[in-house]
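Engineer: I need the structure of the sequence given here:
(chains A and B)
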Amino acid sequence: MPDEHGRRGSALRGAGESGETAFTHAEKVMGTVVSFTVVPGGMPEPAARAAVEAACRVLRRADAVFSTWNPASPVSRLRRGEVTPDKVPAEVSEVLALCLTAREASAGWFDPWALPGGVDPTGLVKGWAVERAAGVLQRAGIDAALVNGGGDLTVFGSPAPGRRWRVGIRHPWRADALACIVQPRAAVATSADYERGAHLLDPATGRPATGVASATVTGPSLALADALATAVAVGADQALRAVGALDGYQGYLIRADGSEEDTGGMEFTS
Amino acid sequence: MTAGRTLRRAPLFVVGSVAGFTGLIAWHAVDAGTPVTAGMGSAGAAGRSRPAATSRAGAGKRHPAHRGTSSRRPRTAHLVRTATGPGVNFGYGTIAVKVTIHGTRITAVSVAGLQTLEPTSQQICAQAIPVLRSEVLSAQSASINSVSGASYTSAGYARSLQAALDTLHA
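Structural biologist: Next up, the predicted model:
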(Lines give C-alpha, C1' and ligand atoms only; values in the text may rest on other atoms or scores of the structure.)
Protein backbone atom coordinates (compact mmCIF):
# COMPACT_ATOMS: atom_id res chain seq x y z
CA MET A 1 0.00 0.00 0.00
CA PRO A 2 1.49 3.33 -0.94
CA ASP A 3 1.77 5.71 1.92
CA GLU A 4 0.62 9.27 1.55
CA HIS A 5 4.15 10.52 0.92
CA GLY A 6 4.76 8.06 -1.88
CA ARG A 7 8.21 7.36 -0.52
CA ARG A 8 10.41 4.48 -1.50
CA GLY A 9 9.58 1.38 0.42
CA SER A 10 5.91 1.95 0.13
CA ALA A 11 5.63 -0.99 -2.26
CA LEU A 12 6.00 -3.23 0.74
CA ARG A 13 2.63 -4.68 1.47
CA GLY A 14 1.01 -2.91 4.34
CA ALA A 15 4.12 -1.03 5.35
CA GLY A 16 3.97 2.70 5.55
CA GLU A 17 0.42 2.87 6.75
CA SER A 18 1.52 4.11 10.12
CA GLY A 19 3.25 7.01 8.43
CA GLU A 20 6.69 5.44 8.77
CA THR A 21 8.44 3.99 5.79
CA ALA A 22 9.74 0.48 5.76
CA PHE A 23 13.08 -0.03 4.09
CA THR A 24 15.10 -2.98 2.94
CA HIS A 25 18.77 -3.72 3.05
CA ALA A 26 20.64 -6.62 1.44
CA GLU A 27 23.97 -7.72 2.89
CA LYS A 28 26.32 -10.17 1.21
CA VAL A 29 27.70 -12.31 4.01
CA MET A 30 28.13 -15.99 4.98
CA GLY A 31 28.26 -17.05 1.34
CA THR A 32 24.74 -15.79 0.76
CA VAL A 33 22.70 -12.62 0.88
CA VAL A 34 20.87 -11.59 4.02
CA SER A 35 17.86 -9.36 3.34
CA PHE A 36 16.42 -7.03 5.95
CA THR A 37 12.90 -5.62 5.79
CA VAL A 38 12.65 -3.07 8.55
CA VAL A 39 9.60 -1.22 9.88
CA PRO A 40 11.25 1.35 12.16
CA GLY A 41 8.06 2.47 13.89
CA GLY A 42 8.76 5.65 15.82
CA MET A 43 12.51 5.35 15.34
CA PRO A 44 14.16 7.79 12.91
CA GLU A 45 15.42 6.00 9.85
CA PRO A 46 19.12 6.83 10.41
CA ALA A 47 18.95 5.15 13.83
CA ALA A 48 17.18 2.15 12.31
CA ARG A 49 19.83 1.88 9.61
CA ALA A 50 22.53 2.02 12.28
CA ALA A 51 20.80 -0.90 14.01
CA VAL A 52 20.85 -2.82 10.73
CA GLU A 53 24.57 -2.17 10.45
CA ALA A 54 25.04 -3.51 14.00
CA ALA A 55 23.06 -6.59 12.99
CA CYS A 56 25.32 -7.04 9.97
CA ARG A 57 28.36 -6.94 12.24
CA VAL A 58 26.88 -9.88 14.13
CA LEU A 59 26.54 -11.77 10.84
CA ARG A 60 30.10 -10.99 9.76
CA ARG A 61 31.40 -12.10 13.14
CA ALA A 62 29.49 -15.40 12.84
CA ASP A 63 30.94 -15.85 9.37
CA ALA A 64 34.48 -15.33 10.65
CA VAL A 65 34.08 -17.76 13.53
CA PHE A 66 32.06 -20.53 11.90
CA SER A 67 33.13 -20.60 8.27
CA THR A 68 34.09 -24.10 7.20
CA TRP A 69 35.31 -22.67 3.89
CA ASN A 70 37.97 -20.55 5.54
CA PRO A 71 40.66 -22.95 6.82
CA ALA A 72 41.81 -20.36 9.38
CA SER A 73 38.41 -19.96 11.08
CA PRO A 74 38.14 -21.22 14.68
CA VAL A 75 35.62 -23.88 13.64
CA SER A 76 37.86 -25.12 10.82
CA ARG A 77 40.72 -25.42 13.30
CA LEU A 78 38.45 -27.22 15.76
CA ARG A 79 37.39 -29.65 13.03
CA ARG A 80 41.00 -30.45 12.25
CA GLY A 81 41.67 -31.04 15.94
CA GLU A 82 44.19 -28.19 16.10
CA VAL A 83 42.38 -26.56 19.00
CA THR A 84 40.27 -27.92 21.83
CA PRO A 85 36.70 -26.70 22.38
CA ASP A 86 37.78 -24.53 25.33
CA LYS A 87 40.20 -22.61 23.07
CA VAL A 88 37.58 -21.41 20.58
CA PRO A 89 35.24 -18.41 20.95
CA ALA A 90 32.37 -18.87 23.38
CA GLU A 91 29.80 -18.78 20.56
CA VAL A 92 31.12 -22.08 19.33
CA SER A 93 30.15 -23.97 22.45
CA GLU A 94 26.80 -22.17 22.46
CA VAL A 95 26.15 -23.34 18.89
CA LEU A 96 27.36 -26.88 19.59
CA ALA A 97 24.99 -27.05 22.57
CA LEU A 98 22.17 -25.98 20.25
CA CYS A 99 23.25 -28.66 17.78
CA LEU A 100 22.90 -31.22 20.54
CA THR A 101 19.41 -29.91 21.32
CA ALA A 102 18.51 -30.09 17.63
CA ARG A 103 19.83 -33.62 17.34
CA GLU A 104 17.60 -34.72 20.20
CA ALA A 105 14.60 -32.71 18.99
CA SER A 106 14.89 -34.22 15.52
CA ALA A 107 15.20 -37.80 16.78
CA GLY A 108 18.73 -37.90 15.37
CA TRP A 109 17.88 -36.78 11.84
CA PHE A 110 19.95 -33.64 12.29
CA ASP A 111 23.38 -34.79 13.36
CA PRO A 112 26.39 -32.52 12.81
CA TRP A 113 28.59 -35.17 14.38
CA ALA A 114 27.70 -37.81 11.78
CA LEU A 115 29.09 -35.83 8.87
CA PRO A 116 32.38 -36.66 7.21
CA GLY A 117 35.27 -34.39 8.15
CA GLY A 118 34.38 -33.77 11.79
CA VAL A 119 31.59 -31.90 13.55
CA ASP A 120 29.96 -29.39 11.20
CA PRO A 121 27.41 -27.01 12.73
CA THR A 122 26.80 -25.30 9.37
CA GLY A 123 23.22 -26.61 9.21
CA LEU A 124 22.32 -24.54 12.25
CA VAL A 125 24.78 -21.64 12.20
CA LYS A 126 23.09 -19.51 9.57
CA GLY A 127 19.75 -19.73 11.34
CA TRP A 128 21.43 -18.97 14.65
CA ALA A 129 23.27 -15.94 13.22
CA VAL A 130 20.17 -14.52 11.50
CA GLU A 131 18.19 -15.00 14.71
CA ARG A 132 20.85 -13.03 16.59
CA ALA A 133 20.83 -10.32 13.94
CA ALA A 134 17.07 -9.97 14.31
CA GLY A 135 17.54 -9.80 18.08
CA VAL A 136 19.89 -6.83 17.63
CA LEU A 137 17.18 -4.96 15.72
CA GLN A 138 14.52 -5.78 18.27
CA ARG A 139 16.65 -4.69 21.22
CA ALA A 140 17.49 -1.46 19.40
CA GLY A 141 13.81 -0.60 19.56
CA ILE A 142 12.76 -1.27 15.98
CA ASP A 143 9.03 -1.96 15.74
CA ALA A 144 9.04 -4.84 13.32
CA ALA A 145 11.43 -6.56 10.97
CA LEU A 146 11.96 -9.57 8.78
CA VAL A 147 15.49 -10.90 8.34
CA ASN A 148 15.99 -13.46 5.58
CA GLY A 149 19.32 -15.28 5.41
CA GLY A 150 19.46 -16.99 2.07
CA GLY A 151 15.98 -18.46 2.38
CA ASP A 152 15.78 -18.98 6.14
CA LEU A 153 14.11 -16.11 7.92
CA THR A 154 12.67 -14.77 11.12
CA VAL A 155 10.22 -11.99 11.88
CA PHE A 156 9.10 -9.94 14.84
CA GLY A 157 6.42 -7.31 15.23
CA SER A 158 3.79 -6.58 12.66
CA PRO A 159 4.45 -5.25 9.14
CA ALA A 160 1.53 -2.83 9.63
CA PRO A 161 -1.21 -2.43 12.22
CA GLY A 162 -3.39 -5.51 12.21
CA ARG A 163 -1.31 -7.24 9.56
CA ARG A 164 0.68 -10.44 9.68
CA TRP A 165 3.93 -11.16 7.87
CA ARG A 166 3.30 -13.20 4.74
CA VAL A 167 6.06 -15.53 3.62
CA GLY A 168 6.00 -17.56 0.42
CA ILE A 169 7.47 -21.04 0.44
CA ARG A 170 9.33 -21.49 -2.81
CA HIS A 171 7.99 -24.11 -5.19
CA PRO A 172 10.60 -26.88 -5.41
CA TRP A 173 10.41 -27.24 -9.18
CA ARG A 174 9.59 -23.70 -10.18
CA ALA A 175 12.06 -21.07 -9.09
CA ASP A 176 9.58 -18.29 -9.81
CA ALA A 177 6.56 -19.80 -8.13
CA LEU A 178 5.44 -20.51 -4.59
CA ALA A 179 4.18 -23.77 -3.15
CA CYS A 180 2.19 -21.95 -0.49
CA ILE A 181 2.15 -18.94 1.80
CA VAL A 182 2.53 -19.02 5.57
CA GLN A 183 2.03 -16.38 8.25
CA PRO A 184 4.90 -16.89 10.67
CA ARG A 185 5.12 -15.52 14.19
CA ALA A 186 8.90 -15.97 14.19
CA ALA A 187 11.12 -18.35 12.21
CA VAL A 188 10.64 -20.06 8.85
CA ALA A 189 13.37 -22.32 7.48
CA THR A 190 13.29 -24.37 4.30
CA SER A 191 15.70 -27.06 3.26
CA ALA A 192 15.99 -28.80 -0.10
CA ASP A 193 18.48 -29.86 -2.71
CA TYR A 194 17.28 -27.71 -5.57
CA GLU A 195 19.70 -24.83 -4.98
CA ARG A 196 22.94 -26.52 -4.07
CA GLY A 197 22.68 -30.08 -5.36
CA ALA A 198 22.65 -33.19 -3.20
CA HIS A 199 24.28 -31.83 -0.07
CA LEU A 200 21.95 -33.33 2.52
CA LEU A 201 23.30 -36.55 3.96
CA ASP A 202 21.35 -39.21 5.80
CA PRO A 203 23.18 -39.59 9.15
CA ALA A 204 22.30 -43.31 9.21
CA THR A 205 23.77 -44.16 5.82
CA GLY A 206 26.11 -41.25 5.04
CA ARG A 207 24.53 -41.10 1.59
CA PRO A 208 22.66 -38.20 0.00
CA ALA A 209 19.07 -38.10 1.13
CA THR A 210 16.34 -38.52 -1.45
CA GLY A 211 12.58 -38.56 -1.37
CA VAL A 212 11.93 -35.04 -0.13
CA ALA A 213 11.64 -32.14 -2.56
CA SER A 214 11.34 -29.43 0.08
CA ALA A 215 11.04 -29.27 3.87
CA THR A 216 9.89 -26.25 5.86
CA VAL A 217 9.82 -25.75 9.62
CA THR A 218 8.35 -22.81 11.54
CA GLY A 219 8.85 -22.04 15.20
CA PRO A 220 10.16 -19.60 17.77
CA SER A 221 13.90 -20.14 17.15
CA LEU A 222 15.43 -19.89 13.68
CA ALA A 223 18.54 -21.77 14.82
CA LEU A 224 16.40 -24.77 15.72
CA ALA A 225 14.01 -24.37 12.77
CA ASP A 226 16.99 -24.32 10.39
CA ALA A 227 18.34 -27.57 11.82
CA LEU A 228 14.88 -29.17 11.91
CA ALA A 229 14.19 -28.29 8.27
CA THR A 230 17.40 -30.07 7.38
CA ALA A 231 16.23 -33.00 9.50
CA VAL A 232 12.89 -33.22 7.67
CA ALA A 233 14.63 -32.94 4.29
CA VAL A 234 16.63 -36.01 5.26
CA GLY A 235 14.23 -37.96 7.46
CA ALA A 236 10.97 -37.14 5.64
CA ASP A 237 7.81 -38.27 7.46
CA GLN A 238 9.65 -39.71 10.46
CA ALA A 239 11.44 -36.42 11.09
CA LEU A 240 8.24 -34.50 10.42
CA ARG A 241 6.56 -36.42 13.23
CA ALA A 242 9.42 -35.49 15.54
CA VAL A 243 8.90 -31.82 14.65
CA GLY A 244 5.16 -32.10 15.24
CA ALA A 245 5.84 -33.35 18.75
CA LEU A 246 7.82 -30.23 19.65
CA ASP A 247 6.16 -27.36 21.42
CA GLY A 248 5.75 -24.36 19.11
CA TYR A 249 7.21 -25.96 15.97
CA GLN A 250 5.39 -26.98 12.80
CA GLY A 251 6.61 -28.72 9.68
CA TYR A 252 5.59 -29.00 6.05
CA LEU A 253 7.16 -31.25 3.46
CA ILE A 254 6.76 -31.74 -0.26
CA ARG A 255 7.84 -35.23 -1.25
CA ALA A 256 9.72 -35.98 -4.44
CA ASP A 257 6.51 -37.37 -5.93
CA GLY A 258 4.76 -34.04 -5.41
CA SER A 259 2.65 -35.13 -2.45
CA GLU A 260 2.57 -32.97 0.65
CA GLU A 261 2.28 -33.39 4.38
CA ASP A 262 2.22 -31.03 7.32
CA THR A 263 2.02 -31.25 11.07
CA GLY A 264 -1.45 -29.72 11.19
CA GLY A 265 -0.79 -26.46 12.97
CA MET A 266 1.12 -24.45 10.41
CA GLU A 267 -0.55 -21.14 9.66
CA PHE A 268 -1.08 -21.35 5.92
CA THR A 269 -2.89 -18.63 4.08
CA SER A 270 -3.82 -17.82 0.52
CA MET B 1 1.21 -51.34 -5.47
CA THR B 2 0.61 -54.79 -6.82
CA ALA B 3 -1.79 -54.21 -9.62
CA GLY B 4 -1.04 -56.09 -12.82
CA ARG B 5 1.70 -54.77 -15.02
CA THR B 6 0.54 -52.54 -17.76
CA LEU B 7 2.07 -51.61 -21.01
CA ARG B 8 4.18 -48.55 -21.20
CA ARG B 9 2.05 -45.68 -22.39
CA ALA B 10 2.83 -42.33 -23.79
CA PRO B 11 3.52 -39.74 -21.09
CA LEU B 12 0.72 -37.45 -22.12
CA PHE B 13 -1.78 -40.22 -21.71
CA VAL B 14 -0.60 -40.85 -18.20
CA VAL B 15 -0.85 -37.20 -17.37
CA GLY B 16 -4.36 -37.13 -18.68
CA SER B 17 -5.24 -40.12 -16.59
CA VAL B 18 -3.90 -38.62 -13.43
CA ALA B 19 -5.76 -35.41 -13.99
CA GLY B 20 -8.98 -37.16 -14.90
CA PHE B 21 -8.90 -39.52 -12.01
CA THR B 22 -8.07 -36.84 -9.56
CA GLY B 23 -11.28 -35.07 -10.28
CA LEU B 24 -13.15 -38.30 -9.85
CA ILE B 25 -11.43 -39.26 -6.65
CA ALA B 26 -11.83 -35.83 -5.21
CA TRP B 27 -15.57 -36.06 -5.53
CA HIS B 28 -15.59 -39.55 -4.04
CA ALA B 29 -13.62 -38.27 -1.12
CA VAL B 30 -16.20 -35.59 -0.57
CA ASP B 31 -18.97 -38.15 -0.60
CA ALA B 32 -17.08 -40.28 1.87
CA GLY B 33 -16.67 -37.16 3.99
CA THR B 34 -14.03 -38.51 6.30
CA PRO B 35 -12.49 -35.50 7.90
CA VAL B 36 -8.94 -36.40 8.77
CA THR B 37 -7.62 -33.07 9.82
CA ALA B 38 -9.66 -30.06 10.57
CA GLY B 39 -8.08 -27.39 8.43
CA MET B 40 -7.60 -24.23 10.37
CA GLY B 41 -8.71 -21.34 8.26
CA SER B 42 -7.01 -18.36 9.74
CA ALA B 43 -8.56 -14.97 9.75
CA GLY B 44 -8.42 -12.71 6.77
CA ALA B 45 -10.58 -11.86 3.87
CA ALA B 46 -8.72 -12.40 0.65
CA GLY B 47 -9.51 -16.07 0.13
CA ARG B 48 -9.07 -16.84 -3.51
CA SER B 49 -10.93 -20.06 -3.68
CA ARG B 50 -11.76 -21.66 -6.97
CA PRO B 51 -12.78 -24.99 -8.39
CA ALA B 52 -10.16 -27.62 -7.95
CA ALA B 53 -8.25 -29.65 -10.46
CA THR B 54 -8.33 -27.50 -13.51
CA SER B 55 -5.99 -29.59 -15.55
CA ARG B 56 -4.28 -28.07 -18.50
CA ALA B 57 -4.16 -30.04 -21.67
CA GLY B 58 -0.79 -30.72 -23.18
CA ALA B 59 0.95 -30.14 -19.93
CA GLY B 60 3.19 -33.18 -19.89
CA LYS B 61 6.35 -31.57 -21.16
CA ARG B 62 9.62 -32.70 -19.70
CA HIS B 63 9.95 -29.62 -17.60
CA PRO B 64 6.58 -28.43 -16.52
CA ALA B 65 6.15 -24.88 -17.59
CA HIS B 66 3.29 -24.29 -15.27
CA ARG B 67 3.34 -22.99 -11.81
CA GLY B 68 1.30 -24.44 -9.39
CA THR B 69 0.30 -25.65 -6.16
CA SER B 70 -1.40 -25.40 -3.02
CA SER B 71 -4.63 -23.71 -2.77
CA ARG B 72 -5.32 -26.37 -0.26
CA ARG B 73 -5.78 -24.03 2.61
CA PRO B 74 -8.48 -21.53 1.87
CA ARG B 75 -9.14 -18.91 4.44
CA THR B 76 -12.71 -18.15 5.22
CA ALA B 77 -14.90 -17.63 8.17
CA HIS B 78 -16.89 -20.71 7.15
CA LEU B 79 -16.30 -24.27 8.14
CA VAL B 80 -13.30 -25.63 6.33
CA ARG B 81 -12.75 -29.35 6.32
CA THR B 82 -10.00 -31.47 4.86
CA ALA B 83 -10.39 -35.10 3.92
CA THR B 84 -8.05 -37.61 2.39
CA GLY B 85 -9.53 -40.24 0.09
CA PRO B 86 -8.33 -43.82 0.01
CA GLY B 87 -5.64 -44.87 -2.44
CA VAL B 88 -7.28 -45.63 -5.76
CA ASN B 89 -5.79 -47.59 -8.62
CA PHE B 90 -5.73 -45.59 -11.80
CA GLY B 91 -4.08 -48.14 -14.06
CA TYR B 92 -0.50 -47.02 -13.62
CA GLY B 93 -0.37 -46.98 -9.88
CA THR B 94 -2.29 -45.75 -6.90
CA ILE B 95 -3.19 -42.20 -6.07
CA ALA B 96 -4.73 -40.76 -2.92
CA VAL B 97 -6.14 -37.30 -3.06
CA LYS B 98 -6.67 -34.79 -0.31
CA VAL B 99 -9.47 -32.29 -0.72
CA THR B 100 -10.40 -29.21 1.17
CA ILE B 101 -14.06 -28.40 1.38
CA HIS B 102 -15.39 -24.97 2.10
CA GLY B 103 -19.05 -25.28 2.91
CA THR B 104 -20.27 -27.49 0.10
CA ARG B 105 -17.61 -26.55 -2.40
CA ILE B 106 -14.22 -28.11 -3.02
CA THR B 107 -11.72 -25.34 -2.79
CA ALA B 108 -8.49 -27.27 -3.06
CA VAL B 109 -7.06 -30.58 -4.15
CA SER B 110 -3.66 -32.01 -3.47
CA VAL B 111 -2.10 -35.42 -3.84
CA ALA B 112 -1.62 -37.05 -0.45
CA GLY B 113 0.00 -40.22 -1.74
CA LEU B 114 1.17 -41.63 -5.01
CA GLN B 115 2.63 -45.00 -5.89
CA THR B 116 3.35 -45.92 -9.45
CA LEU B 117 4.25 -49.19 -11.11
CA GLU B 118 7.34 -47.95 -12.83
CA PRO B 119 9.86 -45.16 -12.31
CA THR B 120 8.86 -43.47 -15.56
CA SER B 121 5.31 -43.03 -14.38
CA GLN B 122 6.60 -41.75 -11.07
CA GLN B 123 8.55 -39.06 -12.85
CA ILE B 124 5.69 -38.13 -15.10
CA CYS B 125 3.28 -37.94 -12.21
CA ALA B 126 5.66 -35.82 -10.19
CA GLN B 127 5.61 -33.36 -13.04
CA ALA B 128 1.90 -33.64 -13.58
CA ILE B 129 0.86 -33.10 -10.00
CA PRO B 130 1.53 -29.39 -9.88
CA VAL B 131 -0.81 -29.10 -12.86
CA LEU B 132 -3.60 -30.51 -10.78
CA ARG B 133 -3.49 -27.55 -8.48
CA SER B 134 -5.58 -24.67 -9.51
CA GLU B 135 -3.87 -21.90 -7.64
CA VAL B 136 -1.15 -19.99 -9.38
CA LEU B 137 1.09 -18.31 -6.88
CA SER B 138 3.89 -16.07 -7.90
CA ALA B 139 5.79 -13.44 -6.02
CA GLN B 140 4.16 -10.73 -8.08
CA SER B 141 0.60 -11.83 -7.49
CA ALA B 142 0.77 -13.09 -3.97
CA SER B 143 1.54 -9.93 -1.97
CA ILE B 144 4.16 -11.50 0.17
CA ASN B 145 6.86 -9.94 2.30
CA SER B 146 9.54 -12.56 1.73
CA VAL B 147 10.36 -16.00 0.40
CA SER B 148 11.62 -19.02 2.28
CA GLY B 149 13.45 -21.56 0.18
CA ALA B 150 16.44 -23.82 0.09
CA SER B 151 19.53 -21.82 0.99
CA TYR B 152 20.82 -19.97 -1.99
CA THR B 153 24.40 -18.89 -2.42
CA SER B 154 25.21 -15.26 -3.01
CA ALA B 155 25.44 -16.18 -6.71
CA GLY B 156 22.05 -17.90 -6.58
CA TYR B 157 20.54 -14.83 -4.95
CA ALA B 158 20.47 -13.10 -8.32
CA ARG B 159 18.04 -15.76 -9.53
CA SER B 160 15.89 -15.89 -6.41
CA LEU B 161 12.44 -14.58 -5.78
CA GLN B 162 13.82 -12.79 -2.76
CA ALA B 163 16.05 -10.68 -4.98
CA ALA B 164 13.00 -9.69 -7.00
CA LEU B 165 11.19 -8.72 -3.81
CA ASP B 166 14.13 -6.71 -2.51
CA THR B 167 14.25 -4.84 -5.80
CA LEU B 168 10.53 -4.23 -5.64
CA HIS B 169 10.62 -2.94 -2.08
CA ALA B 170 13.89 -1.07 -1.99
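Engineer: Quick check: which element contains A:Ala236?
Structural biologist: helix A:222-244 (DSSP states H and E).
Engineer: So which bits of that helix are buried?
Structural biologist: Residues A:222-236, A:239-240, A:242-244 are the ones in helix A:222-244 that count as buried (16 or more other Cβ atoms under 10 Å in any protein chain shown). For glycine as for every other residue, the C-beta is placed from the backbone atoms N, C-alpha and C.
Engineer: try stretch B:149-161
Structural biologist: So, applying 16+ other Cβ under 10 Å, buried residues of stretch B:149-161: B:149-152, B:156-157, B:160-161.
Engineer: CSV for those residues, including distance to chain A?
Structural biologist: Formatted as CSV, the buried residues of stretch B:149-161 follow (distance: Cβ to the nearest Cβ, whole Å):
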residue, distance to chain A
B:Gly149, 3
B:Ala150, 4
B:Ser151, 5
B:Tyr152, 5
B:Gly156, 5
B:Tyr157, 4
B:Ser160, 7
B:Leu161, 6
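Engineer: Among the residues you listed, which lie within helices?
Structural biologist: Taking DSSP state H as the definition of helices, the buried residues of stretch B:149-161 contribute B:156-157, B:161.
Engineer: Reformat the residues you listed as TSV; add distance to A:Gly108 and pLDDT.
Structural biologist: Shown next, in TSV, are these (distance: Cβ to Cβ, whole Å; pLDDT from 0 to 100):
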residue	distance to A:Gly108	pLDDT
B:Gly156	30	79
B:Tyr157	32	82
B:Leu161	33	78
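Engineer: which one of those is nearest A:Ala129?
Structural biologist: B:Tyr157 (16.6 Å; Cβ to Cβ).
Engineer: Sketch out the low-pLDDT regions of the chain for me.
Structural biologist: Using chain A. Residue ranges of chain A with pLDDT under 70: A:1-20, A:196-198.
Engineer: Chain B, not that one
Structural biologist: Checking chain B against pLDDT under 70 turns up B:1-81, B:83, B:85-86, B:88-92, B:95-111, B:118-142, B:168-170.
Engineer: show me where the stretch 1-150 of chain A has helices.
Structural biologist: Taking DSSP state H, counting those that start in this stretch as the test, the helices found in the stretch 1-150 of chain A are A:45-66, A:74-79, A:90-105, A:122-139.
Engineer: Buried residues, the shortest one. List them.
Structural biologist: Residues of helix A:74-79 classed as buried by neighbour count (16+ other Cβ under 10 Å): A:74-76, A:78-79.
Engineer: rewinding a little: single out the most deeply packed of the helices of the stretch 1-150 of chain A.
Structural biologist: helix A:122-139 (a mean of 24; mean count of other Cβ atoms under 10 Å in any protein chain shown).
Engineer: That one and chain B, are they touching?
Structural biologist: Yes: Helix A:122-139 comes into contact with chain B (Cβ under 8 Å from any Cβ of the partner chain), by way of A:Lys126.
Engineer: How about stretch A:244-251?
Structural biologist: No: if you take Cβ under 8 Å from any Cβ as the test, stretch A:244-251 misses chain B, and the best it gets is 10.9 Å.
Engineer: And for that stretch, what's in contact with it?
Structural biologist: Contacts with stretch A:244-251, where a contact means Cβ atoms under 8 Å, 6 or more residues apart in numbering or on different chains, come from A:105, A:215-220, A:224-225, A:228-229, A:232, A:239-240, A:243, A:262-267.
Engineer: in it, what's buried?
Structural biologist: Buried-residue list, stretch A:244-251, by 16+ other Cβ under 10 Å: A:244, A:246, A:249-251.
Engineer: gap between the two ends of that stretch?
Structural biologist: Terminal residues of stretch A:244-251 are spaced 7 Å apart (Cα to Cα, to the nearest Å).
Engineer: ok, back up a step: for the buried residues of stretch A:244-251, could you give me JSON lines that also reports distance to A:Lys87?
Structural biologist: As requested, these are arranged in JSON lines below (distance: Cβ to Cβ, whole Å):
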{"residue": "A:Gly244", "distance to A:Lys87": "39"}
{"residue": "A:Leu246", "distance to A:Lys87": "33"}
{"residue": "A:Tyr249", "distance to A:Lys87": "34"}
{"residue": "A:Gln250", "distance to A:Lys87": "39"}
{"residue": "A:Gly251", "distance to A:Lys87": "37"}
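Engineer: can you tell me which of the residues you listed lies nearest to A:Val29?
Structural biologist: Closest to A:Val29, out of all of these and judged by Cβ to Cβ, is A:Tyr249, at 26.5 Å.
Engineer: So A:Asp262 sits against A:Ile254, correct?
Structural biologist: No: between A:Asp262 and A:Ile254 there is no contact under Cβ atoms under 8 Å: 9.8 Å.
Engineer: Compare those two (neighbour count), which wins?
Structural biologist: A:Ile254 (28 against 21; other Cβ atoms under 10 Å in any protein chain shown).
Engineer: Let me know the helix or strand that the more buried one is in.
Structural biologist: strand A:250-255.
Engineer: Can you list the strands that that strand pairs with?
Structural biologist: Applying DSSP bridges, strand A:250-255 is found paired with strand A:212-219 (antiparallel), strand A:260-262 (antiparallel).
Engineer: so of those, which one's packed in deepest?
Structural biologist: Ranked by mean neighbours (mean count of other Cβ under 10 Å), the strands paired with strand A:250-255 are led by strand A:212-219, with a mean of 28.
Engineer: Could you identify the most distant pair in the buried residues of stretch B:149-161?
Structural biologist: Spanning the widest gap among the buried residues of stretch B:149-161 are B:Ser151 and B:Leu161, at 13.7 Å by Cβ to Cβ.
Engineer: where's the residue nearest the centre of chain A relative to A:Met30, distance?
Structural biologist: Nearest to the mean C-alpha position of chain A, by Cα atoms, centre = their mean, lies A:Asp152 at 2.9 Å. To A:Met30, A:Asp152 is 11 Å away according to Cβ to Cβ, to the nearest Å.
Engineer: any common contacting residues for the two?
Structural biologist: Common neighbours of A:Asp152 and A:Met30 (Cβ under 8 Å, 6+ apart) are A:Lys126.
Engineer: A:Thr263 is in contact with A:Tyr252, correct?
Structural biologist: Yes: at 7.4 Å, A:Tyr252 counts as touching A:Thr263 under the criterion of Cβ under 8 Å.
Engineer: neighbour count winner among those two?
Structural biologist: Neighbours per residue (other Cβ under 10 Å) separate A:Tyr252 from A:Thr263, with A:Tyr252 holding more: 26 against 21.
Engineer: quick one, what contacts the more buried one?
Structural biologist: Contacts of A:Tyr252 (Cβ under 8 Å, 6+ apart): A:169, A:180, A:182, A:215-217, A:260-263, A:266.
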